[in-house]
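> make a model of this:
(one chain, ligands or ions: 1)
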Amino acid sequence: MENANTQYRTITIAFFSGTGCTETVADCLHEQLAETGMDIKKIKISCDSPGIGQTDLLMILSPVYAFSLADIVEKWIKKLPGTNKTSVAIIPVSGEGMYLPILPVRLEVESF
Ligand SMILES: Cc1cc2nc3c(=O)[nH]c(=O)nc-3n(C[C@H](O)[C@H](O)[C@H](O)COP(=O)(O)O)c2cc1C
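You can find the predicted model right below:
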């Protein structure tokens with residue numbers, strides 16, 4: 001991937017996928033980012049508490065279901081340990097993209 005931001009050494013891609021589309025996006029990101037030489041880890045989001053370990057950037061991929069993130073993803077995010085050292089990117093994978101006004105209301109992401 002050209003022009004990748006090299007300030008991150010380690011990136012964790014966490015994803016949930018109901019029917020496979022989000023997993024395809026996660027696989028693509030994983031493949032492209034790995035080419036930069038960064039340490040890229042990919043984990044599936046489940047009902048368990050998050051165990052992401054140390055990472056510079058946490059990328060959270062979720063399908064959009066009914067104008068919001070998948071419920072399992074929201075619950076997983078809310079269980080993340082608090083830290084101000086990890087950058088977080090939430091990447092919704094949707095059929096349309098009508099979710100944007102809803103994310104800030106439903107997720108209090110500033111605390112991790
Ligand atoms: C029950 C259900 C609800 C959905 N709701 C929305 C929606 O509100 N907005 C949207 O843009 N796409 C919506 N979609 C489309 C999904 O976001 C899209 O197909 C996504 O890529 C599915 O990801 P997945 O294959 O990883 O589960 C919905 C799909 C399903 C099955």
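> make it CA atoms for all contacts and neighbour counts henceforth
OK.
> how about the residues of this structure by the ligand?
Residues of the chain lying close to the ligand (C-alpha under 6 Å from any ligand atom) are 17-23, 63-67, 93-98.
> can you tell me which of the residues you listed are buried?
The neighbour-count criterion (16 or more other C-alpha atoms under 10 Å) marks 17, 21-23, 63-64, 67, 93-94 among those as buried.
> what's the most distant pair in these?
E23 and F67 (19.1 Å; C-alpha to C-alpha).
> related to what we said a few turns ago, from the buried ones among the residues of the chain next to the ligand, which ones fall inside strands?
The members of those that map onto strands under DSSP state E are 63-64, 93.
> which one of those residues is nearest P81?
Looking across these and measuring by C-alpha to C-alpha, the closest to P81 is P63, at 22.6 Å.
> the closest one bridge partners, please.
V93 (DSSP bridges).
> output the contacting helices and strands for the longest helix seen in the chain.
For the chain, the longest helix by residue count, based on DSSP state H, is helix 21-34. The contact analysis (3 or more C-alpha pairs under 8 Å, 6 or more residues apart in numbering; DSSP states H and E) places helix 21-34 against strand 10-15, strand 39-44, strand 57-65.
> pLDDT at the residue sitting nearest the centre point of the chain, what is it?
The residue lying closest to the centre of the chain (C-alpha atoms, centre = their mean) is I60, at 0.7 Å. Looking at I60, its pLDDT stands at 94.
> check whether it really touches S87, as I assumed.
No. Taking contacts as C-alpha atoms under 8 Å, I60 lies outside contact range of S87: 10.9 Å.
> quick one: low-confidence parts of this structure?
Within the chain, the segments meeting pLDDT under 70 span 1-6, 84, 97-112.
> ok, the nearest residue to I91 once chain neighbours are set aside - contacts?
Residue nearest to I91 in three dimensions, not counting chain neighbours: L61, with 4.7 Å by C-alpha to C-alpha, 6 or more residues apart in numbering. Under the criterion of C-alpha atoms under 8 Å, 6 or more residues apart in numbering, the contact list for L61 reads 13-16, 22, 26, 90-93.
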